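Predicted model follows, preceded by the sequence.
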Amino acid sequence: MTYFGNFQNEIYLGGLGGAVPELPMTAAELEQQARETLSAAAFAYIAGSSSTERTARSNVDAFASRRIVPRMWRGASAPDARDLSVEVLGTRLAAPILTAPVGVLGMVHTDAEPSVGSAASELGIGSVLSTASSTALEDVAPSSGENWWFQLYWPADHELAESLVRRATAAGAKAIVVTADTPGMGWRPRDLTLGHLPFLKAEGIANYLSDPVFRSRLATPPEESAEAMQIAVLTWVGMFGNHTLRPSDVERVRQWTDLPVAVKGVLHPDDARAVVDAGAAGVVVSNHGGRQVDGSISSLDALGPIADAVGDRAAVLLDSGIRSGSDVIVALASGADAVFYGRPWVYGLGLAGRAGVVHALWCLLADFDLTMGLAGLSSIKEIDRSVLADR
Ligand SMILES: Cc1cc2nc3c(=O)[nH]c(=O)nc-3n(C[C@H](O)[C@H](O)[C@H](O)COP(=O)(O)O)c2cc1C
Ligand SMILES: O=C(O)C(=O)c1ccccc1
């Protein structure tokens, strides 16, 4: 069993020798430092959400509105006996946490996705590789250990979707996460203000440029000239999103792979039921970090009814707003089996590469582990709604 709380001891012991951590210890400070350090365009793209950004705020506010009721002396075990491990969609994880799929990470670091995959794998948690990765999935897989899933942006071209799913399966992904909430990009004022969309510079389209089906749609290989690359980018723009997807399309993915399939971006219990009826093994309750529908329900407020609707027959995951160990406990107590962790580790990546991702993940894991113990919880299965105060 991994005792993540040891990270705290290491830091205090280092302090005795005069060492203090080089990177900030909270998600808010990671964001602040990234604001001061990253290019304006990279920071806008990562930190930005859609329109008034009120959904991004409400994701975080929803967590702040829940209260954990610590139960001391209830038989909590010693730190090294605490068991945070879970199995989700057949993947064994040292804690119920995976890095969220985040596209275009090459904007903040070279060698981005291999760094994220190997950082998560080193800590025993999972990672979800975005379709919009800056490195082709076959080149990320060798660094990502056993616990990585592939996120699919289902393009307008079904043959391309099939090819991406087959490639991810062949490369060793353990699950396919189909994102439902992005048939197109939301209205993002921060990026609009800078007139900046990374893909138009061919950033984040490595999985397409390396795909035989995508390449078969091009008259000229993109490497041949700047003009051919421009045509490839415009071809990508034309086929990135798919407005025609329906729950029954889950059945198609299941013909392309034996891996479990989850649908990401579910916010209504009836939609969760529909995709699970169509064969999804999991749903990810998410509003995409507030980057799509501004004014959307927060992911945490959407979670309970969805867990009630499908929790007994599908894995229920959540993202959007996780910023601390307590947030993970609140999500699990509200019906999630695991969470995706988003922006904070992206800031870590931008600030210090792989070491920054490891740092951000350690902070979350140590906080989660220690807070579990202090709340009188020894294992994940003990976390249920009774952990939270009535509202
Ligand atoms: C910069 C950025 C890029 C993202 N790219 C993707 C992506 O490629 N695929 C996807 O399904 N979700 C993507 N997301 C959404 C995340 O997977 C996740 O839902 C979101 O970050 C959760 O919100 P939080 O980071 O505020 O906690 C992206 C989010 C950010 C911030
Ligand atoms: O920016 C995003 O939120 C996102 O999900 C995305 C969309 C298209 C390509 C890459 C990432």
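Received the coordinates, thanks. Residues are numbered from 1 along each chain as shown. Ligands and ions are numbered 1, 2, ... in the order given.

element containing residue 349, please.
Here residue 349, judged by DSSP states H and E, is contained in helix 343-374.

Report the mean confidence score over that helix.
Per-residue pLDDT over helix 343-374 has a mean of 98.

who's in contact with the residue in the chain positioned nearest to ligand 1?
Per CB to the nearest ligand atom, residue 342 is where the chain lies closest to ligand 1, at 2.1 Å. (Glycine included, C-beta is placed from N, CA and C.) Contact analysis of residue 342 by CB atoms under 8 Å, 6 or more residues apart in numbering lists 100, 102, 289, 319, 320, 322.

Please apply the same query to residue 58.
Counted by CB under 8 Å, 6+ apart, residue 58 has contacts 290, 298.

before we move on, what SS does it have?
For residue 58, the assignment made with DSSP: H, G, I helix; E, B strand; the rest coil gives helix.

got a pLDDT number for it?
Reported pLDDT for residue 58: 98.

And it, how close does it get to residue 52?
From residue 58 across to residue 52, the span is 11 Å (CB to CB, to the nearest Å).

Residue 364: neighbour count?
25 (other CB atoms under 10 Å).

Equivalent analysis for residue 52, please.
Counted with other CB under 10 Å, residues neighbouring residue 52 total 13.

Name the nearest residue to it, sequence neighbours excluded.
For residue 52, ignoring the flanking residues on the chain, the nearest one in space by CB to CB, 6 or more residues apart in numbering is residue 294 at 5.6 Å.

Tell me where the protein has strands.
Secondary structure of the chain (DSSP state E): strands located at 86-88, 91-93, 97-99, 126-129, 148-152, 176-179, 261-266, 282-285, 315-318, 338-341.

Ok, which of the ones you listed comes nearest residue 366?
strand 97-99 (12.0 Å; CB to CB).

Give me the average confidence score over that closest one.
Strand 97-99 comes out at a mean pLDDT of 99.

again, but for stretch 261-277
In this model, stretch 261-277 has a mean pLDDT of 98.

ditto for stretch 184-191
97.

At the contact with ligand 2, which residues of this structure appear?
103, 104, 132, 182, 185, 204, 288, 291 (CB under 6 Å from any ligand atom).

and with 8 Å instead?
45, 101-104, 130-132, 153, 179, 182, 185-186, 188, 198-199, 204, 240, 288-289, 291-292 (CB under 8 Å from any ligand atom).

Buried ones among these?
45, 101-104, 130-132, 153, 179, 182, 186, 188, 198-199, 204, 240, 288-289, 291-292 (16 or more other CB atoms under 10 Å).

now do the same end-to-end measure for stretch 90-106.
30 Å (CA to CA, to the nearest Å).

Okay, buried residues for it please.
Those buried within stretch 90-106 under the rule 16+ other CB under 10 Å are 91, 93-106.

Over to stretch 225-241?
For stretch 225-241, by 16+ other CB under 10 Å, it's 229, 232, 233, 235, 236, 239, 240, 241.

Out of the contacts of residue 342, which are close to ligand 1?
100, 102, 289, 319, 320, 322.

excluding its backbone neighbours, what's nearest the fifth one?
Nearest in space to residue 320, with sequence neighbours left out and distances taken as CB to CB, 6+ apart, is residue 299 at 3.9 Å.

looking at the strands of the chain, which is buried most?
Highest mean neighbour count of the strands of the chain: strand 282-285, a mean of 30 (counted as mean count of other CB atoms under 10 Å).

what's that one packed up against?
Counting contacts by 3 or more CB pairs under 8 Å, 6 or more residues apart in numbering; DSSP states H and E, strand 282-285 packs against strand 261-266, helix 269-277, helix 299-310, strand 315-318.

and it, what's its mean pLDDT?
Averaged over strand 282-285, pLDDT sits at 99.

How about residues contacting it?
By CB under 8 Å, 6+ apart, the residues outside strand 282-285 that reach it are 88-89, 175, 177, 260-267, 272, 275-276, 299, 302-303, 306, 310, 314-319, 336, 340.

Can you tell me the number of residues neighbouring the closest residue to residue 171 other than its chain neighbours?
Counting by CB to CB, 6+ apart, residue 171 lies nearest to residue 141, which is 4.1 Å off, once chain neighbours are set aside. A count of nearby residues for residue 141, using other CB under 10 Å, gives 21.

Could you report the separation of residue 141 from ligand 2?
Using CB to the nearest ligand atom, to the nearest Å, residue 141 is found at 19 Å from ligand 2.

show me what contacts that residue?
Taking CB under 8 Å, 6+ apart as the definition, contacts of residue 141 comprise 117, 148, 171, 172, 173.

Sort out which of these are buried, if you could.
117, 148, 171, 173.

so residue 306 touches residue 336, yeah?
No: look at residue 306 against residue 336 with CB atoms under 8 Å: they stay out of range, at 9.4 Å.

Quickly list what's touching both of those two.
In contact with both residue 306 and residue 336: 285, 316, using CB under 8 Å, 6+ apart.

Any idea what the nearest residue to residue 284 once chain neighbours are set aside is bridged to?
Distances taken as CB to CB, 6+ apart place residue 264 nearest to residue 284, at 3.7 Å, with adjacent residues excluded. With DSSP bridges as the criterion, residue 264 is bridged to residue 179, residue 284.
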